[in-house]
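Asks: no letters, just coordinates:
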C-alpha cells in the first residue's frame, strides 16, 4: 500500500513543519514557523525552445530550475518581528520580517510526513531568500495573514 504524504490538521505529529535559520549564524538558532495555512513547493525547470528548417517540430532542452516554496500564514508577532532578545544575527532575534528586510540567506527545512510512523517522513531543505511578504487584515478576517515565499538559491535536498 502506498504511503501518502498528508498533513492532518489538529493531530499531533503529522502536520507539515517549517524551520528557518540564518545561513551565516553559527549558533544554529532555528525558528519554527507556526500557523501555516498552506504550502506550495515549486520545482520548475526552464526550457529552451528553438526551431530548425529541417524539422517539422520544435526542439526543446531543459535548462536550470527556478525553485521556490510559497505559503500563507497567520502572523505570530514574535515569529514575524522577532523576539529581540535572542542573540543578534539569529533567526529568532530578527523574525521573518527582519530576515526579509536584511536580505539574509536562510536555511529552510520543511518536514512532510508522519512522525508517529517511525519518522518515515521526508524533509525538503535548502537555502534561499524570504520574499513576497504582504500582511493583510480585514473585517471578515480579523487576524493578520501574509503570503511568504522562499526563493531557493540552488537545488533542494531531500532526506
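Replies: Now that the structure is in, tell me what you want to look at. Bear in mind that the values here come from a model prediction, so they are computed numbers and not experimental data.
Asks: assumed residue 134 was part of a helix.
Replies: No - assessed by DSSP: H, G, I helix; E, B strand; the rest coil, residue 134 does not belong to a helix; its assignment is coil.
Asks: measure it to residue 65 for me?
Replies: Residue 134 sits 25 Å away from residue 65, going by C-beta to C-beta, to the nearest Å. All C-beta spots, glycine's among them, are computed from the backbone N, C-alpha and C.
Asks: looking at these two, which one has more neighbours?
Replies: residue 65 (15 against 8; other C-beta atoms under 10 Å).
Asks: backbone dihedrals for the more buried one, please?
Replies: Main-chain torsions, residue 65, degrees, to the nearest 10: phi -90, psi 150.
Asks: tell me who's in contact with the residue nearest to it when sequence neighbours are not counted.
Replies: Nearest residue to residue 65 in three dimensions, chain neighbours excluded: residue 45, at 4.8 Å (C-beta to C-beta, 6 or more residues apart in numbering). For residue 45, the contacting residues are 62, 63, 64, 65, by C-beta atoms under 8 Å, 6 or more residues apart in numbering.
Asks: enumerate the positions of the lengthiest helix in the chain that are buried.
Replies: Scanning the chain for the longest helix, with DSSP state H as the assignment, gives helix 91-101. Using 16 or more other C-beta atoms under 10 Å as the test for burial, helix 91-101 gives 91, 92, 93, 94, 95, 96, 97, 98, 99, 100.
Asks: in a markdown table: these, plus pLDDT and distance to residue 108.
Replies: Output for these, formatted as a markdown table (pLDDT from 0 to 100; distance: C-beta to C-beta, whole Å):
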| residue | pLDDT | distance to residue 108 |
| --- | --- | --- |
| 91 | 92 | 10 |
| 92 | 91 | 15 |
| 93 | 92 | 17 |
| 94 | 93 | 15 |
| 95 | 93 | 15 |
| 96 | 95 | 11 |
| 97 | 95 | 16 |
| 98 | 93 | 16 |
| 99 | 94 | 11 |
| 100 | 95 | 13 |
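Asks: what residues are up against the most centrally placed residue in the chain?
Replies: By C-alpha atoms, centre = their mean, the chain has its centre lying nearest to residue 69, at 4.1 Å. The neighbours of residue 69, taking C-beta under 8 Å, 6+ apart as the test, are 18, 39, 40, 41, 42, 108, 110, 124, 128, 149, 150, 152.
Asks: again, only using 7 Å
Replies: 39, 41, 108, 110, 150 (C-beta atoms under 7 Å, 6 or more residues apart in numbering).
Asks: lovely, talk soon.
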